[in-house]
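Asker: structure of the sequence below:
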Amino acid sequence: MKIVGSICQNNVIISEEKQHKQEKQRVKTMVTIKDVAKASGVSPSTVSRVIADNPRITEDTKKKVRKAMKKLGYHPNVSARNLVAKSTKAIGVIMPSPANTALQNPFFPEVLRGISSVIHDERYSMSLSTGETEEEIYQEVQRMVYGSYVDGVILLYSRINDRVTNFLLENDFPFVIVGKPYDHETEITHVDNDNFKAGKEITNYLIGKGHERIAFIGGSSELFVTMDREAGYNTALQEAGLINLDAYKIHTEFLKSGGREAVEYLLSLETRPTGLVVSDDLISLGILSRLEESGFRVPQDFSLVSFNNVYLSEITRPALTTVDVKIYELGAQSAKALIEKTQNKDEPAKRIMIPHKMVYRDSVSEV
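Answerer: The predicted structure is shown next:
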């Protein structure tokens, strides 16, 4: 045992000496701005301006300097530059809780893809908050703000009396909501669809196919996206003179399991609906699978319309008639709006509306 210990100790010493030599060699060969300036035939100050993408520097000069940087293996010290500029060049993205269920929904990877496309072009980074509870998310946002870890925040949800929203407002911290704010609508930049209009249109499509008993299956009743789509559904029924039953309104999780649970309830009703307005494609997939297990067919026994137009809605059978809310664009526009706010504290609040589009497929038939 003593011999083994001695060998291990010697190995550690050898390893440390090797690391020390490598570090000395790395420092000795470290490329500086002066090296890049010499290689590209410009001044060090010009190299600094190229790194900062100064618009006064010509494109030819930028190409020449960047070519030299690549050849020499030079990497700018981004942290140091950001410290001088009092900017982290990072944004926080806050998921709804619990994050483990939210990330199962294809909506969120797609909206994150839209955000990433913009921050990549602007050379920002992204910090994703994935708390399991509302309290955990609140604490994480406090850490981001008080620790100056990010320049601004995107909230991927909007709910009643949200602590995070109130905290960001009280601290005058730049943020953008994907959705409609509960309060202070004119003070908060938000990116949204006209979910009321979309809910009314998609319900009217079922009505136009002869359906009179139509159910609404949505997410949490505290989320504005659910409220607005359900309000559109209610208005369509009212204007058509159809019965609007509370028994036909179900609120569940934005998950496939939520759709399966909704079906269990619907099949227990004495008078079942013939049409279903479902507030999310993932819920719809759960409905389709559970109906099939129970011996029912879509659209022959139940017609179904949905929201979001995620990739799965096109490849499932039957393919879903759904509302394309342009998820990628929601993410991209929210990132653009936030970066504008981080770069200009006086940027006024905006309401950015992304047009929706009906996508008609195979999940609806006439009565």
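Asker: ranges for the strands of the stretch 51-200 of the chain?
Answerer: According to DSSP state E, counting those that start in this stretch, the stretch 51-200 of the chain carries its strands in the segments 90-94, 125-129, 152-155, 175-178, 189-192.
Asker: turn those into TSV, columns for mean pLDDT.
Answerer: TSV is the format used below for the strands of the stretch 51-200 of the chain (pLDDT from 0 to 100):
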stretch	mean pLDDT
strand 90-94	95
strand 125-129	91
strand 152-155	97
strand 175-178	97
strand 189-192	96
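Asker: could those strands go into a markdown table alongside distance to Met353 and mean neighbour count?
Answerer: (C-beta placed from N, C-alpha, C; glycine too.) Shown next, in a markdown table, are these (distance: least, CB to CB, whole Å; neighbours: other CB atoms under 10 Å):
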| stretch | distance to Met353 | mean neighbour count |
| --- | --- | --- |
| strand 90-94 | 21 | 24 |
| strand 125-129 | 24 | 16 |
| strand 152-155 | 17 | 26 |
| strand 175-178 | 12 | 26 |
| strand 189-192 | 6 | 23 |
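Asker: ok but Ile217 is inside a strand, no?
Answerer: Yes - assigned with DSSP: H, G, I helix; E, B strand; the rest coil, Ile217 falls within a strand.
Asker: coming back round to it: tabulate the strands of the stretch 51-200 of the chain (a markdown table), appending distance to Met30.
Answerer: Shown next, in a markdown table, are the strands of the stretch 51-200 of the chain (distance: least, CB to CB, whole Å):
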| stretch | distance to Met30 |
| --- | --- |
| strand 90-94 | 25 |
| strand 125-129 | 24 |
| strand 152-155 | 33 |
| strand 175-178 | 39 |
| strand 189-192 | 42 |
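Asker: least confident secondary structure element in this structure?
Answerer: helix 2-28 (a mean of 42; mean pLDDT, DSSP states H and E).
Asker: show me which residues of the next helix or strand after it are buried.
Answerer: Where DSSP states H and E defines the elements, the next helix or strand beyond helix 2-28 is helix 33-40. By neighbour count on 16 or more other CB atoms under 10 Å, the buried set for helix 33-40 is Ile33, Asp35, Val36, Ala37, Ala39, Ser40.
Asker: stretch 47-62 now?
Answerer: Buried residues in stretch 47-62 (16+ other CB under 10 Å): Val47, Ser48, Arg49, Val50, Ile51, Ile57, Thr61, Lys62.
Asker: now, those residues that are in helices?
Answerer: Val47, Ser48, Arg49, Val50, Ile51, Thr61, Lys62 (DSSP state H).
Asker: in a strand, Asp301, correct?
Answerer: No - assessed with three-state DSSP, Asp301 is coil; it does not lie in a strand.
Asker: burial check on it, number of neighbours?
Answerer: 13 (other CB atoms under 10 Å).
Asker: dump the residue contacts of the closest residue to it other than its chain neighbours.
Answerer: Closest residue to Asp301 in three dimensions, ignoring its sequence neighbours and counting by CB to CB, 6 or more residues apart in numbering: Leu291, at 7.4 Å. By CB atoms under 8 Å, 6 or more residues apart in numbering, the contact set of Leu291 is Val263, Arg297, Val298, Asp301, Phe302.
Asker: mind checking which of the residues you listed are buried?
Answerer: Val263, Val298, Phe302.
Asker: and those residues, which is closest to Ala332?
Answerer: Val298 (33.0 Å; CB to CB).
Asker: look up the pLDDT of the closest one for me, please.
Answerer: Val298 carries a pLDDT value of 96.
Asker: does it touch Thr321 like I think?
Answerer: No - using CB atoms under 8 Å, Val298 is not in contact with Thr321; the gap is 10.3 Å.
Asker: which neighbours do the two have in common?
Answerer: Common neighbours of Val298 and Thr321 (CB under 8 Å, 6+ apart) are Leu304, Ser363.
Asker: just the helices in the stretch 51-200 of the chain please.
Answerer: 59-72, 78-84, 99-102, 107-121, 134-146, 163-170, 195-208 (DSSP state H, counting those that start in this stretch).
Asker: to Glu187, which of the ones you listed lies closest?
Answerer: helix 163-170 (7.2 Å).
Asker: what sits against Glu185?
Answerer: Glu185 neighbours (CB under 8 Å, 6+ apart): Arg351.
Asker: re earlier: make CSV out of the buried ones among the contacts of Leu291 and add distance to Arg213.
Answerer: Formatted as CSV, these follow (distance: CB to CB, whole Å):
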residue, distance to Arg213
Val263, 16
Val298, 15
Phe302, 10
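Asker: isn't Gly232 right up against Tyr205?
Answerer: No - between Gly232 and Tyr205 there is no contact under CB under 8 Å: 11.8 Å.
Asker: so for those two, which sits in the more crowded spot?
Answerer: Gly232 (23 against 20).
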